[in-house]
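K.L.:
Fold the stuff below for me.
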Amino acid sequence: MRVKKRFSMVAALASVLLAAAVQAQVAPPLINYQGHLLDQNGFPFSGPVSMVFSIFDAATGDTALYTETQTITAVNGLFSAVIGSVTPIPQTLFDTAPPAGFLEIAVNGNRVGRRKRFGTVAYAFNSGNANITSVNAGAGLEASAGTGEVTLSIADDGVTSNKILDGTITADDLAANSVGSDEVAANAVGSLKISAGAVGSSEIAAGAVGTNELVDNLVFTSDFADGAVGSGDLANFVDLGVAGVESGELQVLSSEVISFVPVVTLSTFSSGAGRISTSNDNGRAVIGVGIDEEWNPDSGALFASGPNQNDSVTLTSLTGYPNRGWIYVSDNGTLQANLFVDEDDKGIVGADTKNFRMAHPHRADQEIWYAGIEGPEAAAYVRGTARLTNGRSTVIFPDHFQIVAAREGMTVLLTPLDASSKGLTVTAKSATGIEVAELRQGTGTYDFDWEVKSVRKGHENYRVLRSKFETMAAPRAGEIKAK
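P.N.:
The predicted structure follows:
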C-alpha cells in the first residue's frame with residue numbers, strides 16, 4: 001500500500017504549541033499534531049498504523065535529536081497525535097544551535113514527504129527578547145548573582161514576626177529541637193498562641209524551657225497534650241523556693257475555677273523529704289517519702305481520701321518497722337480492714353470477716369459469699385472417708401497436710417457409717433496418719449468418716465491478744481507513737 005499524507009491543518013497547530021515550548025519553556029513539553037491519511041488510491045484510510053515522529057536541526061541529513069513511536073488509529077483519514085506523550089521531549093531540545101526545528105514522519109516504516117519546519121506565531125517573536133538583565137533581592141532575600149542564572153534564598157534573620165500570618169505555623173512546620181529559649185522573646189508565647197496538642201516532647205529541646213521562659217500563672221494543664229512533656233523535656237531542676245531557702249512548693253492550678261484551687265502540688269522540706277499531692281472537690285491523693293514532721297520520716301506513703309478528707313486507703317509501713325508494708329482500708333476514717341507483715345515476719349490480714357465469693361450458677365444478678373470459720377489459732381484441717389476391716393483401719397494423711405500440720409495439739413473426729421458399730425477410737429496418731437479401732441474389741445467391717453485438725457507449723461505461738469499500736473501504720477504528726 002502506498003501511503004500519502006497531507007499537512008494542510010498541521011502546520012498552524014504545531015507552530016502555536018511549539019512556539020510556547022521553544023521560547024518560554026514553561027508550557028507542557030507536548031506538540032499536538034493532526035493530519036489526513038490517504039491510501040495508495042487517494043481514498044481516506046481507516047485503521048491503526050505505526051507512526052514515528054523525529055525532530056532534526058536541519059532539513060536533510062544529520063541524526064535525529066528526538067524520536068518517538070506511537071500507534072495511531074485513523075478514522076476516515078483523520079488522525080491526531082500528541083508528540084511527547086510516549087517519549088518525553090527534553091526541555092533543552094530547542095536550545096541547540098542551530099535550533100531543532102524540523103519534523104519528519106514515517107508511517108509503517110515509510111517516510112512520508114519531506115521534513116516540515118516548525119514556525120512561530122506573531123506574538124511569540126517578542127519572547128526571544130525577554131532577557132533578564134539584573135536581579136535585585138528584596139528585604140529578607142538573598143540573590144546568588146545580579147545577572148544570568150540567579151538563585152533566590154531567604155536571608156539569615158529574613159523571616160520576622162510580621163512576615164508570618166498568625167496561626168499559620170503548626171507542630172508539623174517545626175523541626176525537632178529547632179526552637180530553643182534564644183529564639184523566643186520573653187513572655188512572647190502565651191497559652192492562646194499554642195493550639196491544643198501542637199507541642200510534643202520532640203518539639204522542645206532538652207533544657208530549653210526554664211523558669212525564666214514561663215510567665216507566672218500562664219501555663220495550665222489544658223495547654224499540654226497528654227504525655228507531651230517527659231523528664232527529658234525539662235531543665236535539670238525546678239527551683240521550688242527562693243534564694244537561701246531549702247524548701248518550697250510548686251502548684252499546678254486548675255483554670256476551670258475562679259479561685260485557682262491547686263490540683264497538683266509538689267513540695268520539698270528542709271529535711272530532704274518530698275511529696276506529691278493531687279486533689280479536687282471530690283477528694284485527695286498524696287504520695288510522699290520522708291514527709292518531714294507530718295508522716296513517717298523513714299519510709300514512703302500513699303494516702304487517698306474522699307470528700308470528707310478522711311483517709312479511705314493508706315499504703316505505708318508498720319509502726320517501728322519501715323521495711324514492712326502496711327495497707328489500711330477505712331470507712332469514714334475508721335479502720336475496717338488491713339494487711340501487714342507483723343514483727344514476727346508473718347503476713348496478717350485483718351477484717352470483720354474473711355470470705356470467698358463465686359458467681360451464682362443459676363442467677364446472673366447474684367453472687368455466693370461464704371465467710372471463713374474463725375478461732376484463736378492458725379489452724380489447718382483435713383478430712384475423708386476410710387474403710388474399717390475386721391475392726392481395724394489405718395488412715396495416712398496427704399503429703400501436703402503432713403507438711404503444714406504440727407503433731408502437738410492434733411485432734412481427730414470419727415463417725416461410723418454403720419448402725420451396728422460398737423463405736424470407734426483412735427489408738428495412735430502421728431504427723432503422717434492415725435490408727436483406728438472398733439470399741440469393745442469389735443470386728444466390724446464398714447466405712448467411717450474422719451476429720452483431723454491441727455495447728456500450722458510455724459504458728460504454734462499465735463498471739464490472740466495484741467497491742468493496738470503494733471498493728472498500726474506509721475503515725476502522722478500528732479498521733480500516738482508506738483510504745
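K.L.:
from memory F356 sits against E367, does it?
P.N.:
No: between F356 and E367 there is no contact under C-beta atoms under 8 Å: 10.5 Å. The C-beta positions use only the backbone N, C-alpha and C, and glycine is treated the same way.
K.L.:
got the domain boundaries for this structure?
P.N.:
The chain breaks down into these domains under automatic domain parsing: 4-129, 157-238, 243-376+463-483, 379-455.
K.L.:
Name whatever forms a beta bridge with the nearest residue to L141 once chain neighbours are set aside.
P.N.:
By the measure of C-beta to C-beta, 6 or more residues apart in numbering, the closest residue to L141 outside its immediate chain neighbours is L152, 5.5 Å from it. L152 forms beta bridges with A143, as assigned by DSSP bridges.
K.L.:
Now do the helices in the chain.
P.N.:
Remark: helices assigned in the chain by DSSP state H are 10-23, 399-404.
K.L.:
looking at these, which has the lowest confidence?
P.N.:
If you rank these by mean pLDDT, helix 10-23 sits at the bottom with a mean of 39.
K.L.:
separation between G325 and A304?
P.N.:
16 Å (C-beta to C-beta, to the nearest Å).
K.L.:
no, scratch that, I was asking about F356
P.N.:
F356 is 26 Å from A304, by C-beta to C-beta.
K.L.:
Please identify which of these two sits among more neighbours.
P.N.:
Shown here are F356 and A304; by other C-beta atoms under 10 Å, A304 has more neighbours (15 against 9).
K.L.:
mind showing which ranges of the stretch 101-250 of the chain have poor pLDDT?
P.N.:
Regions of the stretch 101-250 of the chain meeting the criterion pLDDT under 70 cover residues 120-140, 144, 146-148, 158, 180-181, 187, 189-193, 196-203, 205-250.
K.L.:
Please identify the nearest residue in space to T427, excluding sequence neighbours.
P.N.:
Spatially, and ignoring its direct neighbours in sequence, T427 is nearest to E435 (4.5 Å; C-beta to C-beta, 6+ apart).
K.L.:
I'd guessed that neighbour sits against A428; true?
P.N.:
Yes: counting by C-beta under 8 Å, E435 sits close enough to A428 to count as a contact (4.0 Å).
K.L.:
Who has more neighbours out of the two?
P.N.:
With neighbours defined as other C-beta under 10 Å, E435 and A428 compare such that E435 has more, 14 against 10.
K.L.:
Relative to K429, how far out is the more buried one?
P.N.:
7 Å.
K.L.:
OK, contacts around the closest residue in space to R115 that isn't next to it in sequence?
P.N.:
Distances taken as C-beta to C-beta, 6+ apart put F102 closest to R115, at 4.2 Å, once the chain neighbours are dropped. Applying C-beta atoms under 8 Å, 6 or more residues apart in numbering to F102 gives the contacts 55-59, 115-118.
K.L.:
swap the cut-off to 7 Å and go again
P.N.:
Contacts of F102 were listed using C-beta atoms under 7 Å, 6 or more residues apart in numbering, and they are 55-56, 58-59, 115-117.
K.L.:
Now distance to L318 and neighbour count too, for these, in CSV please.
P.N.:
Output for those, formatted as CSV (distance: C-beta to C-beta, whole Å; neighbours: other C-beta atoms under 10 Å):
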residue, distance to L318, neighbour count
I55, 96, 22
F56, 101, 20
A58, 105, 12
A59, 108, 13
R115, 105, 16
K116, 105, 17
R117, 105, 13
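K.L.:
from those residues, which is closest to V464?
P.N.:
I55 (110.7 Å; C-beta to C-beta).
K.L.:
Look at the residue nearest to that closest one when sequence neighbours are not counted and report its pLDDT.
P.N.:
With C-beta to C-beta, 6+ apart as the criterion, I55 has its nearest non-adjacent residue at 4.2 Å, and that residue is Y66. The model reports Y66 with a pLDDT of 91.
K.L.:
from what I can see Y66 touches T92, true?
P.N.:
No: counting by C-beta atoms under 7 Å, Y66 does not reach T92; the two are 10.9 Å apart.
K.L.:
Settle it for me: which of the two has more neighbours?
P.N.:
Taking neighbours as other C-beta under 10 Å, Y66 and T92 compare with Y66 leading, 18 against 9.
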